[in-house]
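S.K.: okay, sequence plus prediction incoming.
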Amino acid sequence: MTKLTIYWPPEKTDAGVREAAAAIASGGVVAFPTETVYGLGGDARNAEAVERIFAAKGRPSDNPLIVHLAGAEDAAKLASAISSLERRLMERFWPGPLTLVLPVRPGAVSARVTAGLDTVAVRVPDHELARRLIAESGCPIAAPSANRSGRPSPTRADHVLEDLDGRIDGVLDGGPTGIGLESTVVRVLDGAIHVLRPGGITAEQLREAAGGDAEVIAASAGEAAAAEAQPADAIAAAPAAGKLAGADAALAGAAANAVSASVEPADAAMAADADAGARAIPAAEEAPRSPGMKYTHYAPQGEMAVVTGADPARVREAVQQAADRERAGGRRVAVLACAEHAPGYRADAVLGLGSRAEPEQAAQALYAALRECDERGIGFILAEGYPEDGIGAALMNRMRKAAGGRVISV
Ligand code: TXA
Ligand code: MG
């Protein structure tokens with residue numbers, strides 16, 4: 001049994017943090033809350049501890065980990081160089097949900113953390129428990145999200161236990177996480193800020209911080225497609241080239257299978273490919289800069305489609321039609337909807353994601369809702385899409401991943 005350390009009441013906190021920090025300092029692995037999602041932490045300098053993280057998660061070893069620091073001053077211990085633009089981003093967004101990929105100082109962390117790359121991803125989390133844990137352990141803490149690979153990231157301590165009970169040394173319970181989606185991962189290259197993974201810090205915030213001194217380049221369509229692909233062995237097994245291009249026939253099938261509305265061209269290949277069971281990166285394409293982007297993050301036990309459109313009333317209508325059709329076909333259907341629409345839906349489960357005017361609420365609720373769908377034996381999930389500005393970019397990125405790229409625009 002994994003030990004659950006309760007954060008509340010506060011008088012238990014000190015002992016909990018001390019215990020967790022001691023476990024990490026001696027090579028253990030402990031899950032802890034951050035402002036984004038729960039992470040599974042271990043000493044980033046200890047190869048065995050890092051190995052335990054990979055093993056507990058069932059994570060492919062070529063996907064590097066983010067190293068969590070107590071303060072920006074620690075970044076210089078891990079990075080061999082930090083540019084003035086990178087410093088500005090640290091000052092502006094740390095502590096907070098921004099991860100910077102920096103050139104690694106040789107030997108500063110286990111090579112298992114960086115998966116042998118010459119860069120290291122670092123961030124300072126904005127959560128009291130996380131920062132106290134890092135400070136007290138005296139270690140840079142390598143921590144991926146504390147889920148089994150292929151499951152939604154945990155936003156509550158009980159999600160961590162659902163996935164990792166018995167595989168890790170403990171969980172610090174800090175209640176539900178505030179943001180609910182992972183950090184934004186960026187790399188500064190040639191004076192431009194490349195967003196490798198959209199997350200808690202928005203492109204708009206990055207642009208404002210850059211103040212015209214640097215361009216902010218959002219994750220490209222190519223990388224978005226790569227994000228849907230599967231681990232290296234699946235890629236090798238799939239007929240790589242041509243698979244994405246020759247998707248027309250399968251696409252027709254995917255669309256008919258979902259609903260009769262159109263599937264967005266950019267997502268079409270992914271949707272079709274998902275149906276084919278393996279999503280490939282064309283062999284000739286350059287490796288994605290953020291290795292994790294090539295892995296499927298989460299696929300519900302059933303199927304999922306995201307319905308997008310400028311007119312919320314039409315989206316609502318299309319979701320209901322699709323729900324009716326899927327239910328008539330004998331599937332248990334869940335609808336993920338904004339609070340304004342949720343009461344009006346007929347489905348086997350309707351999960352509210354908060355007010356449409358506040359996509360932050362949907363970001364916070366999404367992963368728990370996806371877990372609930374699996375628990376309730378849902379065969380088809382229909383999710384209302386959100387506008388892609390602000391946190392909406394990260395929200396839609398995660399929804400599309402969960403849906404295997406199946407997006408229906410109306
Ligand atoms: O909010 C978060 O970032 C959470 C909390 C726990 O901090 N952590 C998290 O870690 O989401 P993980 O391991 O699930 O995702 C880390 C992402 C992956 O996409 C990985 O490939 C990328 O960061 N990454 C890590 N090191 C990298 C590097 N050196 N270069 C490029 N990408 C890197
Ligand atoms: Mg993760």
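M.R.: That came in fine, so what should we check first? Keep in mind that this is a model prediction, so the values were computed, not measured. Ligands and ions are numbered 1, 2, ... in the order given.

S.K.: how's this protein carved up into domains?
M.R.: 3-217, 228-409 (automatic domain parsing).

S.K.: just put those in TSV and tack on mean neighbour count and distance to ligand 1.
M.R.: The C-beta positions use only the backbone N, C-alpha and C, and glycine is treated the same way. Output for the domains of the chain, formatted as TSV (neighbours: other C-beta atoms under 10 Å; distance: least, C-beta to the nearest ligand atom, whole Å):
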stretch	mean neighbour count	distance to ligand 1
domain 3-217	20	3
domain 228-409	19	2
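
S.K.: export those domains to a markdown table and append columns for mean pLDDT.
M.R.: Below are the domains of the chain laid out as a markdown table (pLDDT from 0 to 100):
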| stretch | mean pLDDT |
| --- | --- |
| domain 3-217 | 95 |
| domain 228-409 | 72 |
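
S.K.: check for me that L395 belongs to a helix.
M.R.: Yes. The assignment for L395 (DSSP: H, G, I helix; E, B strand; the rest coil) places it in a helix.

S.K.: M90 reaches A75, doesn't it?
M.R.: Yes. M90 lies in contact with A75 (C-beta atoms under 8 Å); the separation is 6.5 Å.

S.K.: now the common contact residues for those two.
M.R.: Shared contacts of M90 and A75 (C-beta atoms under 8 Å, 6 or more residues apart in numbering): I82, L100.

S.K.: quick one, strands of the stretch 1-150 of the chain?
M.R.: For the stretch 1-150 of the chain, the strands defined by DSSP state E, counting those that start in this stretch cover 3-6, 30-32, 39-43, 66-68, 98-103, 119-123, 141-142.

S.K.: save the ones you listed as JSON lines, and put in distance to E215 too.
M.R.: Formatted as JSON lines, those follow (distance: least, C-beta to C-beta, whole Å):
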{"stretch": "strand 3-6", "distance to E215": "44"}
{"stretch": "strand 30-32", "distance to E215": "35"}
{"stretch": "strand 39-43", "distance to E215": "30"}
{"stretch": "strand 66-68", "distance to E215": "24"}
{"stretch": "strand 98-103", "distance to E215": "17"}
{"stretch": "strand 119-123", "distance to E215": "20"}
{"stretch": "strand 141-142", "distance to E215": "30"}
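
S.K.: ok, which of these comes nearest G175?
M.R.: strand 3-6 (9.9 Å; C-beta to C-beta).

S.K.: where along the stretch 301-410 of the chain do the strands fall?
M.R.: 303-308, 333-337, 349-352, 380-384, 407-409.

S.K.: need those strands in TSV with distance to G138, can you?
M.R.: Shown next, in TSV, are the strands of the stretch 301-410 of the chain (distance: least, C-beta to C-beta, whole Å):
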stretch	distance to G138
strand 303-308	43
strand 333-337	42
strand 349-352	42
strand 380-384	43
strand 407-409	46
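
S.K.: tell me the contacts of the nearest residue to A342 once chain neighbours are set aside?
M.R.: Counting by C-beta to C-beta, 6 or more residues apart in numbering, A342 lies nearest to G352, which is 4.1 Å off, once chain neighbours are set aside. Listed by C-beta under 8 Å, 6+ apart, the contact set of G352 reads A337, C338, A339, A342, A365.

S.K.: take those and keep only those in helices.
M.R.: Among these, the members found in helices (DSSP state H) are A365.

S.K.: of the contacts of G352, closest to A323?
M.R.: A337 (10.2 Å).

S.K.: now the closest one, nearest residue through space, not along the chain?
M.R.: Nearest to A337 is E384, by C-beta to C-beta, 6+ apart, at 5.1 Å.

S.K.: again with A403
M.R.: M304 (4.1 Å).

S.K.: and that neighbour, how far from G180?
M.R.: Separation of M304 from G180 (C-beta to C-beta, to the nearest Å) stands at 18 Å.

S.K.: show me what contacts the residue nearest to A403?
M.R.: F380, I381, L382, A383, A402, A403, G404, R406.

S.K.: and the strands of the stretch 1-150 of the chain: which comes nearest L189?
M.R.: Here strand 98-103 is closest among these (C-beta to C-beta), at 9.2 Å.

S.K.: residues in contact with the closest one?
M.R.: Counting by C-beta under 8 Å, 6+ apart, 66, 75, 78-82, 86, 89-90, 118-123, 183-188, 196-197, 199-201, 289-290 sit against strand 98-103.

S.K.: sheet partners, orientation included, of that strand?
M.R.: strand 119-123 (antiparallel), strand 184-189 (parallel) (DSSP bridges).

S.K.: quote the end-to-end distance of stretch 55-63.
M.R.: 13 Å (C-alpha to C-alpha, to the nearest Å).

S.K.: also stretch 109-126?
M.R.: 22 Å.

S.K.: now find how far off-centre it is within its chain.
M.R.: Computed by C-alpha atoms, centre = their mean, to the nearest Å, the chain-centroid distance of stretch 109-126 equals 17 Å.

S.K.: lovely, talk soon.
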